[in-house]
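**Student:** quick one: sequence plus predicted model below, questions after.
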Amino acid sequence: QVQLVESGGGLVQPGGSLTLSCAASGSITSINAMGWYRQAPGKQRELVALISSGGTIKYTDSVKGRFTISRDNAKNTMYLQMNSLSPEDTAVYYCAAGDNYLHLILQIQTTWGQGTQVTVSS
């Protein structure tokens with residue numbers, strides 16, 4: 001089994017920055033793709049960014065140019081650097097891990113973290 005623990009959420013003003021971290025433990029050799037999803041109040045969970053073990057990266061259009069996903073394999077940790085934040089980015093952000101990229105996109109056989117709240121407000 002894989003365990004995921006997110007950190008780094010909080011309250012930030014519009015235009016500000018935050019960095020989220022996701023530490024993986026357990027059967028980490030089974031992880032071939034990791035990503036970030038978010039869920040705003042009253043909305044469905046949506047993909048933010050994905051990164052595969054081969055280095056393939058995908059962003060949802062609304063965060064391109066503002067968010068950067070990265071992975072430190074030595075630390076078994078994934079990051080999401082978020083810049084130029086707007087109130088529309090307010091959501092609970094979830095770390096996700098899967099055995100392959102497609103499964104992660106389809107949210108099949110995916111392990112989830114507990115979520116971390118990001119609030120963008122003045």
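**Tutor:** Great, that's in hand.
**Student:** can you give me the strands for the chain?
**Tutor:** With strands called from DSSP state E, the chain shows them at 2-7, 10-12, 18-26, 33-39, 46-52, 57-59, 67-72, 77-82, 91-98, 111-112, 116-120.
**Student:** could you dump the ones you listed to a markdown table with mean neighbour count, distance to Ile105 and mean pLDDT?
**Tutor:** Just so you know, the C-beta spots here come from the backbone N, C-alpha and C atoms, and that holds for glycine as well. Output for those, formatted as a markdown table (neighbours: other C-beta atoms under 10 Å; distance: least, C-beta to C-beta, whole Å; pLDDT from 0 to 100):
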| stretch | mean neighbour count | distance to Ile105 | mean pLDDT |
| --- | --- | --- | --- |
| strand 2-7 | 18 | 17 | 95 |
| strand 10-12 | 14 | 28 | 97 |
| strand 18-26 | 18 | 17 | 96 |
| strand 33-39 | 23 | 8 | 97 |
| strand 46-52 | 20 | 7 | 96 |
| strand 57-59 | 16 | 8 | 96 |
| strand 67-72 | 17 | 14 | 96 |
| strand 77-82 | 21 | 16 | 97 |
| strand 91-98 | 23 | 9 | 97 |
| strand 111-112 | 18 | 14 | 96 |
| strand 116-120 | 18 | 21 | 98 |
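**Student:** now these in CSV, with distance to Leu104?
**Tutor:** Output for the strands of the chain, formatted as CSV (distance: least, C-beta to C-beta, whole Å):
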stretch, distance to Leu104
strand 2-7, 12
strand 10-12, 26
strand 18-26, 13
strand 33-39, 4
strand 46-52, 6
strand 57-59, 10
strand 67-72, 12
strand 77-82, 12
strand 91-98, 4
strand 111-112, 10
strand 116-120, 18
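**Student:** nearest residue to the residue nearest the centre of the chain other than its sequence neighbours?
**Tutor:** By C-alpha atoms, centre = their mean, the mean C-alpha position of the chain lies nearest to Trp36, the distance being 2.0 Å. Sequence neighbours aside, Val48 is the residue nearest to Trp36 in space, at 4.2 Å (criterion: C-beta to C-beta, 6 or more residues apart in numbering).
**Student:** surely that neighbour and Val92 touch.
**Tutor:** No - counting by C-beta atoms under 8 Å, Val48 stays clear of Val92, with 11.4 Å between them.
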